[in-house]
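A.B. asks: Fold the following and give me the result.
(chains A, B and C)
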Amino acid sequence: MKTVNWILILVTGLSLLIASAGFCGDIENLSGASRGCLACHRNMTPNIYENWAQSRMARVTPAEAQEKPALERRVSFESVPDGLSNVVVGCAECHTMNPDKHKDTFNHQGARVHTVVTPSDCAACHPVEREQYSKNLMAEAYGNLQDNPVYADLMKAANGPLKFADMALSQGVPDDLTNGDSCLFCHGTHLSVEKMETRDTDMGPMDFPSISGWPNQGVGRINPDGSKGSCSACHARHTFAIEMARKPYTCSECHKGPDVPAYKVYEVSKHGNIFNSMGHGGDWDFEAVPWTIGRDFTAPTCAACHISTLVGPNGRPRAERTHQMNDRLAWRIFGPVYAHAHPKEADTTIIKNKDGQPLPTALDATPAAQYLISKKEQQKRTRTMKGVCQSCHTGGWVDGHFERFEHTIETTNHQTKAATRIMLKAWREKAVDQADGLFNGPLERKWVEQWLFYANSTRFASAMGGADYGAFANGRWHESKNPHDMLEFLKIRLQRAGSE
Amino acid sequence: MKTVNWILILVTGLSLLIASAGFCGDIENLSGASRGCLACHRNMTPNIYENWAQSRMARVTPAEAQEKPALERRVSFESVPDGLSNVVVGCAECHTMNPDKHKDTFNHQGARVHTVVTPSDCAACHPVEREQYSKNLMAEAYGNLQDNPVYADLMKAANGPLKFADMALSQGVPDDLTNGDSCLFCHGTHLSVEKMETRDTDMGPMDFPSISGWPNQGVGRINPDGSKGSCSACHARHTFAIEMARKPYTCSECHKGPDVPAYKVYEVSKHGNIFNSMGHGGDWDFEAVPWTIGRDFTAPTCAACHISTLVGPNGRPRAERTHQMNDRLAWRIFGPVYAHAHPKEADTTIIKNKDGQPLPTALDATPAAQYLISKKEQQKRTRTMKGVCQSCHTGGWVDGHFERFEHTIETTNHQTKAATRIMLKAWREKAVDQADGLFNGPLERKWVEQWLFYANSTRFASAMGGADYGAFANGRWHESKNPHDMLEFLKIRLQRAGSE
Amino acid sequence: MKTVNWILILVTGLSLLIASAGFCGDIENLSGASRGCLACHRNMTPNIYENWAQSRMARVTPAEAQEKPALERRVSFESVPDGLSNVVVGCAECHTMNPDKHKDTFNHQGARVHTVVTPSDCAACHPVEREQYSKNLMAEAYGNLQDNPVYADLMKAANGPLKFADMALSQGVPDDLTNGDSCLFCHGTHLSVEKMETRDTDMGPMDFPSISGWPNQGVGRINPDGSKGSCSACHARHTFAIEMARKPYTCSECHKGPDVPAYKVYEVSKHGNIFNSMGHGGDWDFEAVPWTIGRDFTAPTCAACHISTLVGPNGRPRAERTHQMNDRLAWRIFGPVYAHAHPKEADTTIIKNKDGQPLPTALDATPAAQYLISKKEQQKRTRTMKGVCQSCHTGGWVDGHFERFEHTIETTNHQTKAATRIMLKAWREKAVDQADGLFNGPLERKWVEQWLFYANSTRFASAMGGADYGAFANGRWHESKNPHDMLEFLKIRLQRAGSE
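C.D. replies: Purely as a prediction, here's the structure:
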């Protein structure tokens, strides 16, 4: 439907007239293009306008941002990007950036607008952060799941439609909407522009691209410009507030379930207690860059240990900002069957274990060592993390903590091995049918929970001091109980086979 | 015990004297009757006094409240209720309202006081809200559970006392105290006045009504005046703060368990993150009426989407206050076996499915369509809800969200059907004993969790963007695993039957 | 390694010089010894310094603290402890207290410093609190677990390394690091000084004691001076903030798991809702001593009901501070198989039930009465607790609440009895092997969850109004379902035995 709507033209024209006459006069240095957007959108989507108007983007030009001393700087470009020298960052600056690369670019009131702002767009001002981020497993979260046949099978085992017939359950391949509502909600969907469609709006009918997989803000989203990830996964919506990214609630969006209970563990840790008890009344400053230990905050949030630029009260740097969070991570403690040294590359689909499976360890726990970082690199990363700890803890405390943590990595892997042996026995004895992938049958599903829930929970608890998450809250109690249930299952199956 | 206690009379007399001499002089326009109450209760139950004294009830007379412009008004009566024209709303105004209708009315220091303030009492000033509220399923939450034989059975299956004898478990009917501590804690108890009893108080022995089912603040409570519900379920205690009702913690009191994990999902949603990160420091105004999007708050709480009067920053209304929350709800996504179009009436005991069961769908998922709203009404309600969403999101975003959500309603029903077929097969094969209701045996209990926990969780996650609650946190992973466990159970039972 | 490091001496000397010249001049009345500590540690562990510098310890001398009126006093000594009359409480005051009693005392820059500050150290100023605390079960939490053979078995069943061989699972004794990361994280580890070791520090290599079990802040920690407990379990780190101890997050560190879901229940209770909704914006005063109901706070946190000095707005005392929390606790509702009257002594290893087991009840629920408080003492404690409730609730409300709670204690014990009978039957029929303790086999582990998770959860929900935690969130639904699963297990085992 391409009908020109005269009322629309009239309203838009009037709006633009008002806009150019200073309607957005409270925002200084706003580009004419962004004024045009706001002429309508200030009223159409008022919260988007208000968020942005209160944000740093609406108040500081990139050029001003770059003039700050290095430690206080929030942008990382070398020279001011084209067209951004004298304007604040408004609607048009992001939503019309790189229009030719965006398959979601469409003609909107005379401008070439795109819906989805991507890391490549943000990189105009934040190239270092974008580059660092691309080295995280998160940046590859879509492919690491979808393009690894083993993990794609796990996704099917969770999301596929079930059918019960002839005393058997079968499971179909899950559709995109279901995956996007489940695993890919956090991992990121594949956004693809399928067609233009006409929508009724308050301004009359208008044409917009129809994007499958949208909306989504997953960390490894495949974008219409070919880039990966979504900065708004953490820097939410149009406030882009560092305050929000530094609070643990942001991380909790994806890191709270039984497979990755990081936030749950943090909540009941001493750190979480101090944050919850002392960090809400306005006494902590979540916006300061750099972030001063003891002055701005007195207990770490996720960001403090993993990302932020930290200085002591004397201004001495204690940790350098990184958006490659694995800079400080020696181990990968959740996701795969066994915890192991961190992978060298963000793309884990390249990994093959000794048995040819696309997994970082074999089922007997042997690591696929050539794809994983060395012991030396692990020690270096641990040293970096310990440096953060020592802002508040003495060396003996920190060493004692890490000794316990690394021991827990070993013991959780040990318990997983016991469970795995039961499953392997069941396969050997043909007590269960192995034909249908690693995860499909009832015994295999118990085995998955052994490592995906119980070992993970125990390790997170150990990493952050999460008490019961290493004991009765999906912790060691369940690590020890689950193999008993698996064994009972196996005995029943073997007996049934024997009696048939 | 009706003994007159001279010390009591003396103390009360003195108190009243002090009271009339201006003891409560800091509260203007307080009725003499309420002054009398406070003479003692200010010290006896100090927190009740302080809560009330800081509340709007103690500061604004109903007449003043009505003079506000329509959008700012918090009362909904046509003409000022009798006796409330020139006084603020104190103890006596509520606790002596409609004394003849209240079976809990008793003589207390010369006044006819009742313990339980009910929606009918509150309706003196808030008749529209009371009327709207009565159309919610919540208002009928007591009867919808207790008076529906199928659901009464579920309550028994949870709460009834177990007996193990002769290698069998039987379960008795649960007593009222247990039900009141379990299901009816939220659904509401039946308050009935059984007798008067004498209690020792700091003022000496006094007579009070003994009310069975008390205390309780459940949403469908059956009150001593015959009314249903409890305004203080959400408008807690004597502060009556709109601030509290608008915060999600209020809803979490009943909507957090595995059967209705709304708050859990909200917490890890983008909305919940923004509320938690940005809404605590005093920057958000939770008291303003109307509630201005982008100014007073920047992400919705439960109330914003389901209840409150919302306006844009330009003052233009975007949503009208409703206490009939289903105005914006096309689907009923939790409670019954299958999600379905919302019921027409709040009282669901009138519903019969095609098989004669008092359920909104048959076990094969066929809806009892004549009791449920039409497709057209569903579309209208969805449009209303989408209007709220579009304060912050563009049309494509909102449509994409709802497409995914409605697809999830279908797929969760599909998975439940697979589980139901296993149970029906077990009944047909007499592998389990169906005599004792839908929910009593070990297989039936697994089936209950299929829809009551896993399908519900998945749908809530879809509705609000709850990530892992649609995956590994009681989500699709469990939806797919549970039928395998059910099938294994059935196979074992059939084999046992075969070998006996 | 005892090498003297010249650079170290130089830096330290310079630091001390600067320190004595007024470097810490912003802290008045700081001892010379503490100035010496800060000379380095202000920069080495900046957050520790900042925490302390902002705390009351850095601002008030013990002598000044004692001069407060009794109700406002935060110290409880009779006469000012030696050496503390004119100085604030700095590093040295605690970390060099009682050096001869501390096996962790070591020579550090010329001072005899110890790492672990213990309740005996804190008792210099807080002797009453220390004495009261020692009467809690918590103070004996290490021994009550580790030294009770039955509970030591439970710890093994959770934490021991599993081995699968010959179609059987066996479990070894867990090592100390694992226990310290699991049960003992909250219960407390046994800290023992094993040797001195040399560490690289920013000041060069230095010698420190190596303490096994460290770090740990468990409530029953065995300290290097022989004392038990850790004040910093609740009074966290170097802020020692009463604000933090009064907030429920502190208690949640250990009281959140399925075995003790106190905080989870509080969160969704009306009390928790009011705290979360109204207590974060700075309107509540968490630092005032005494704590004024209705002025400083309007809903109780854990501390309000169990610990703090409470007064009414008129200043009238309503509850006296106690660090013996069981002063107000008639029942022990979590931990053992059945809820029972509170033990008389904190050390529960002395208890024997009628069958000679070290448990407060027999498996048939008969209490080991001579070790438990009397009915009369229970009534006294309940009266004390009700006195707190009546600040906000009338007598009928409070009595109704406690009637329901005590009924729930009975009914949860009843359901546990049904589950226990199934297990006893299995033992009698030799369907499971009882040789290996009460908790080791797959049936026993189901039984453990009956009381440790489901009965506990139901009772906590009842105690605080936790709604779904008494129903579907590990509540009565699971209490009733679990015995069905246990029975099914037993039938399968018996049939297998029959067919072998």
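A.B. asks: Residue A:173: which element?
C.D. replies: Under the criterion of DSSP states H and E, residue A:173 resides outside all helices and strands.
A.B. asks: Measure how buried it is and give me the count.
C.D. replies: 12 (other Cβ atoms under 10 Å in any protein chain shown). In this view, the C-beta of every residue, glycine as well, is placed from N, C-alpha and C.
A.B. asks: now it: how far from residue A:151?
C.D. replies: 14 Å (Cβ to Cβ, to the nearest Å).
A.B. asks: next one: residue A:285
C.D. replies: Counting by Cβ to Cβ, the gap from residue A:285 to residue A:151 is 41 Å.
A.B. asks: higher neighbour count, the two?
C.D. replies: Between residue A:285 and residue A:151, counting by other Cβ under 10 Å, residue A:151 is the more crowded of the two (23 against 13).
A.B. asks: for the nearest residue to the more buried one once chain neighbours are set aside, helix, strand, or coil?
C.D. replies: Nearest residue to residue A:151 in three dimensions, chain neighbours excluded: residue A:145, at 4.9 Å (Cβ to Cβ, 6 or more residues apart in numbering or on different chains). Three-state call for residue A:145 (DSSP: H, G, I helix; E, B strand; the rest coil): helix.
A.B. asks: Name all residues that make contact with residue A:145.
C.D. replies: By Cβ atoms under 8 Å, 6 or more residues apart in numbering or on different chains, the residues touching residue A:145 are A:151-152, A:155, A:183-184, A:187.
A.B. asks: Straight-line length of stretch A:113-129, end to end?
C.D. replies: 25 Å (Cα to Cα, to the nearest Å).
A.B. asks: list the buried ones in it?
C.D. replies: Using 16 or more other Cβ atoms under 10 Å in any protein chain shown as the test for burial, stretch A:113-129 gives A:113-127, A:129.
A.B. asks: Could you do stretch A:339-347 as well?
C.D. replies: Applying 16+ other Cβ under 10 Å to stretch A:339-347 flags A:339-344, A:346 as buried.
A.B. asks: closest to chain B among the contacts of residue A:145?
C.D. replies: residue A:183 (5.7 Å; Cβ to the nearest Cβ).
A.B. asks: are any of the contacts of residue A:145 buried, and which?
C.D. replies: For the contacts of residue A:145, buried by 16+ other Cβ under 10 Å: A:151-152, A:155, A:183-184, A:187.
A.B. asks: Kindly reformat the residues you listed as JSON lines containing pLDDT and secondary structure.
C.D. replies: Formatted as JSON lines, those follow (pLDDT from 0 to 100; DSSP: H, G, I helix; E, B strand; the rest coil):
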{"residue": "A:151", "pLDDT": "95", "secondary structure": "helix"}
{"residue": "A:152", "pLDDT": "95", "secondary structure": "helix"}
{"residue": "A:155", "pLDDT": "96", "secondary structure": "helix"}
{"residue": "A:183", "pLDDT": "98", "secondary structure": "helix"}
{"residue": "A:184", "pLDDT": "98", "secondary structure": "helix"}
{"residue": "A:187", "pLDDT": "98", "secondary structure": "helix"}
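A.B. asks: nearest to residue C:257, of the residues you listed?
C.D. replies: Set against residue C:257, the nearest of the buried ones among the contacts of residue A:145 by Cβ to Cβ is residue A:183 (27.1 Å).
A.B. asks: Show me which residues of the stretch 301-450 of chain A sit near chain B.
C.D. replies: A:441-442, A:445 (Cβ under 8 Å from any Cβ of the partner chain).
A.B. asks: Leaving out sequence neighbours, find the closest residue to whatever residue of the stretch 301-450 of chain A ends up closest to chain B.
C.D. replies: Residue nearest to chain B within the stretch 301-450 of chain A (Cβ to the nearest Cβ): residue A:442, separated by 4.0 Å. Once flanking residues are discounted, residue A:442 sits nearest to residue B:484: 4.0 Å by Cβ to Cβ, 6+ apart.
A.B. asks: So the one you found: helix, strand or coil?
C.D. replies: Under three-state DSSP, residue B:484 comes out as helix.
A.B. asks: pLDDT score for it?
C.D. replies: What the model reports for residue B:484 is a pLDDT of 97.
A.B. asks: That one touches residue A:443, doesn't it?
C.D. replies: No. Judged on Cβ atoms under 8 Å, residue B:484 makes no contact with residue A:443 at a distance of 9.1 Å.
A.B. asks: Burial check on the closest residue to chain C within the stretch 351-500 of chain A, number of neighbours?
C.D. replies: When scored by Cβ to the nearest Cβ, the stretch 351-500 of chain A has residue A:468 as its residue closest to chain C, at 3.0 Å. Per other Cβ under 10 Å, the neighbour tally for residue A:468 reads 29.
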